[in-house]
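Engineer: Sequence plus predicted model, see below.
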Amino acid sequence: AIADGVSVAEFPTTLEAAQASHRAGLAVLMGGPNIVRGQSHSGNISALELARAGALDIVSSDYVPAALLWGALKLVSEADMSLPVAVATVTRNPARAVGFADRGEIGVGMRADLIRVRQADDLPVIRDVWCLGRKVA
């Protein structure tokens, strides 16, 4: 995979595989539903366990778009990540892994795609959305 230019290790099944991916320079990606459920649906390693071990870089929606934001917030509450580090798993880290340098963080020259979120109990509620710096919702 490295020789072929792969930059992301998608859904490693064990901690050892995730750690080996990190050593090889790959960003480790796990699905948000795994985080929300607290476990893999197929019996593989929990994304929360990888996060606690410092071996999780990217969270994907895995066909459940709401799992991105919810998963990032659960990384804060259940894997002891700081909010900026957890949010980067769904913003900056995936953007960098695929070569997008103009998005994924707040800064001069960036796209200015933003959301404003409120947490209601355990669930995130999106309050406002900006795309390219323009409010769209």
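Structural biologist: Alright, I've got the coordinates.

Engineer: Could you give the separation of the biggest strand by length in the chain from the chain centroid?
Structural biologist: Counting by DSSP state E, the longest strand found in the chain is strand 123-131. On the basis of CA atoms, centre = their mean, to the nearest Å, strand 123-131 sits 17 Å off its chain's mean C-alpha point.

Engineer: On the C-terminal side of that strand, identify the next helix or strand.
Structural biologist: strand 134-135 (DSSP states H and E).

Engineer: From the contact counts, what lies against that following strand?
Structural biologist: Here strand 134-135 touches no other helix or strand, going by 3 or more CB pairs under 8 Å, 6 or more residues apart in numbering; DSSP states H and E. All C-beta atoms are positioned from the backbone trio N, CA, C, and that covers glycine.

Engineer: Pairing partners for it, with directions?
Structural biologist: strand 123-131 (antiparallel) (DSSP bridges).

Engineer: Identify the residues contacting the strand it pairs with?
Structural biologist: With contact meaning CB atoms under 8 Å, 6 or more residues apart in numbering, strand 123-131 is reached by 69-70, 73, 111-119, 135-137.

Engineer: What pLDDT is listed against the closest residue to residue 50 other than its chain neighbours?
Structural biologist: If you skip the residues right next to it in sequence, residue 50 has residue 56 as its closest partner in space, 4.2 Å away by CB to CB, 6 or more residues apart in numbering. Listed pLDDT for residue 56 reads 97.
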